[in-house]
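Visitor: Take a look and give me a structure for this.
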Amino acid sequence: MFFRDVIGNNELKRQLANSVDNGRVPHAQLFYGKQGVGQLALSLAYARYLCCQNRIDGDSCGTCPSCVKFSKMAHPDLHFVFPIVKPDSKNYTSDDFLAQFREGVQENAYLTFDDWMNMISAGKQGYIYTSESENIVKKLNFKAYEAPYKVMIIWLPEKMQESCANKLLKILEEPHSGTIFLLATENAEQIITTIRSRTQQHYLPPIPQQKISEELQQKYQISSSEADFCARNAMGSFSLAQKLINDTKRNEFFLEKFVSLMRFAWTKDFLNLKALTESLEKQGKMEVKEFLIYAQNMLRENFILNLKNLQLNYLTREELNFSSKFSQFINERNIFQLMDEFQQAEVEIDQNVNVKIVLFDLSLKICSLLKK
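Guide: The predicted model follows:
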């Protein structure tokens, strides 16, 4: 991963390159933003630039011994920490899953947490466990082998158990000379304050629609109209844009469930709402989260459609057939509350609240909000 491979954020890339060129590199940095804007990709490109032996025009050369090893994510001075799922009671760490992680990131540097969990755990929730802290301290007690810096990338530190985070405070605040921490998060507010306060923070905004569209056309060889549609619905997330391309059939399923949810909520058909939430629960937590994201996008598009500006809408033909009548019920009196309720449902599922209870509670709230 090079700086040139990171979509957008050109100004931030220039700032990071300049900090290295000027020898003023903060020892702990936090890259934060919504899912799919490139926190991990940028961390990888930055780490490569830090260790490159022949930097050229604000990017790594790609040919020096360091860059060759970075291409395989196997540089001796590059270390990773990321969420895992323990298969048993043993003290497993990220190192036990490193081969799979390298494979996943090399295939897609915009890897999501859900994608990673599906790779290693069949839908279970992953964490950065307390045992990881001892492994981190042990690795960073040694000097760099080859590069001027020893780089530790912590992907999704919000998944870190509090006991693990507390054990890292001292080394994070006073690391050994040449040690650099790069934290890549999708939810900075869930990281404990004592960790956040010890980092220099960089915000990655949503990626511009045009940038996503151009990348999709190049990567998937699709038409500009199809790429524009996916880019618009991705809401600044390249990860979501990729899913929209790959998940056409899944979106058809989500549309069917969304239509049923709204119709049953409007008529207050509680028996069918209960049956619907039970059927969604059987799909698994990851699938339910994807549905909630899809539903938020549909609500947003219906609100825009209600403003009578079709040029701003990116709905499929099937979605538009339903939304042409449904959109009149999504207005300024309920759109913000509806969005908040769906987002809260996402948070509760992440916190392992019973999925069926979360969905049924959400459906009851929709019943009243649609009448506004």
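
Visitor: Averaged pLDDT, stretch 219-231. What do you get?
Guide: Stretch 219-231 comes out with an average pLDDT of 85.

Visitor: Okay, now the unreliable bits of the stretch 51-200 of the chain?
Guide: Flagging of the stretch 51-200 of the chain using pLDDT under 70 yields the residue ranges 89, 122-123.

Visitor: Which parts of it are strands?
Guide: 78-81, 150-155, 179-185, 200-203 (DSSP state E, counting those that start in this stretch).

Visitor: Quick one: those strands as a markdown table, columns for distance to Gly23 too.
Guide: Where you see a C-beta, it was placed from the backbone N, CA and C, and this is true even at glycine. Shown next, in a markdown table, are these (distance: least, CB to CB, whole Å):
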| stretch | distance to Gly23 |
| --- | --- |
| strand 78-81 | 20 |
| strand 150-155 | 16 |
| strand 179-185 | 13 |
| strand 200-203 | 15 |
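
Visitor: Switch the ones you listed over to JSON lines; also include mean neighbour count and distance to Ile222.
Guide: Below are the strands of the stretch 51-200 of the chain laid out as JSON lines (neighbours: other CB atoms under 10 Å; distance: least, CB to CB, whole Å):
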{"stretch": "strand 78-81", "mean neighbour count": "22", "distance to Ile222": "32"}
{"stretch": "strand 150-155", "mean neighbour count": "24", "distance to Ile222": "29"}
{"stretch": "strand 179-185", "mean neighbour count": "24", "distance to Ile222": "28"}
{"stretch": "strand 200-203", "mean neighbour count": "14", "distance to Ile222": "30"}
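
Visitor: So for Ser260, which of those strands sits nearest?
Guide: Within these, the stretch nearest Ser260 is strand 179-185; the backing value is 35.1 Å (CB to CB).

Visitor: hey, what's the closest residue to Val81 other than its chain neighbours bridged with?
Guide: Closest residue to Val81 apart from its sequence neighbours, by CB to CB, 6 or more residues apart in numbering: Ile154 at 4.5 Å. Going by DSSP bridges, Ile154 is paired in beta bridges with Val81, Leu183.

Visitor: can you start the count at 141 instead of 1 from here on
Guide: Sounds good: first residue 141 from here, last item Ile294.

Visitor: Please report how far Ile294 lies from Gln169.
Guide: With the distance defined as CB to CB, to the nearest Å, Ile294 ends up 11 Å from Gln169.

Visitor: Which neighbours do those two have in common?
Guide: Common contacts of Ile294 and Gln169 (CB atoms under 8 Å, 6 or more residues apart in numbering): 321-323.

Visitor: Could you list the domains of the chain?
Guide: Following the assignment in automatic domain parsing, the chain carries domains at 143-343, 350-386, 388-509.

Visitor: how long is the longest one from one end to the other?
Guide: The reference is to domain 143-343. End-to-end distance for domain 143-343, by CA to CA, to the nearest Å: 16 Å.

Visitor: Can you name the residues that contact the spatially closest residue to Leu509 that is not a sequence neighbour?
Guide: In space, and not counting its chain neighbours, Leu509 is closest to Asn474: 4.6 Å by CB to CB, 6+ apart. Going by CB under 8 Å, 6+ apart, Asn474 touches 509-510, 512.

Visitor: ok, Ser211 to Asn162 distance?
Guide: Distance, Ser211 to Asn162, by CB to CB: 26 Å.

Visitor: Please say which of those two ends up with more neighbours.
Guide: Legend: neighbour count by other CB atoms under 10 Å for Ser211 and Asn162, higher for Ser211 (16 against 8).

Visitor: How much space separates the closest residue to that one other than its chain neighbours from Tyr186?
Guide: Nearest residue to Ser211, sequence neighbours excluded (CB to CB, 6+ apart): Gly202, at 7.7 Å. Here Gly202 is placed at a distance of 15 Å from Tyr186 (CB to CB).

Visitor: the more surrounded of these two?
Guide: More neighbours surround Tyr186 than the other of Gly202 and Tyr186, with 28 against 15 (other CB under 10 Å).

Visitor: can I get the CA coordinates of the helix or strand that contains the more buried one in CSV?
Guide: Assigned by DSSP states H and E, Tyr186 falls within helix 179-191. Output of helix 179-191 as CSV, limited to C-alpha atoms (Å, rounded to 0.1, in the frame of the first residue of the first chain):
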residue,chain,number,x,y,z
GLN,A,179,-7.8,4.4,8.2
LEU,A,180,-6.0,1.1,7.8
ALA,A,181,-4.9,1.8,4.2
LEU,A,182,-3.4,5.1,5.2
SER,A,183,-1.7,3.6,8.3
LEU,A,184,0.0,1.0,6.0
ALA,A,185,1.1,3.6,3.5
TYR,A,186,2.4,5.8,6.2
ALA,A,187,4.3,2.9,7.9
ARG,A,188,5.9,2.0,4.5
TYR,A,189,6.9,5.6,3.9
LEU,A,190,8.5,5.8,7.4
CYS,A,191,10.7,2.8,6.6
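
Visitor: which parts of that helix are buried?
Guide: 179-191 (16 or more other CB atoms under 10 Å).

Visitor: Ok, stretch 322-335 next?
Guide: Neighbour-count burial for stretch 322-335 flags 322-328, 331, 335 (criterion: 16+ other CB under 10 Å).
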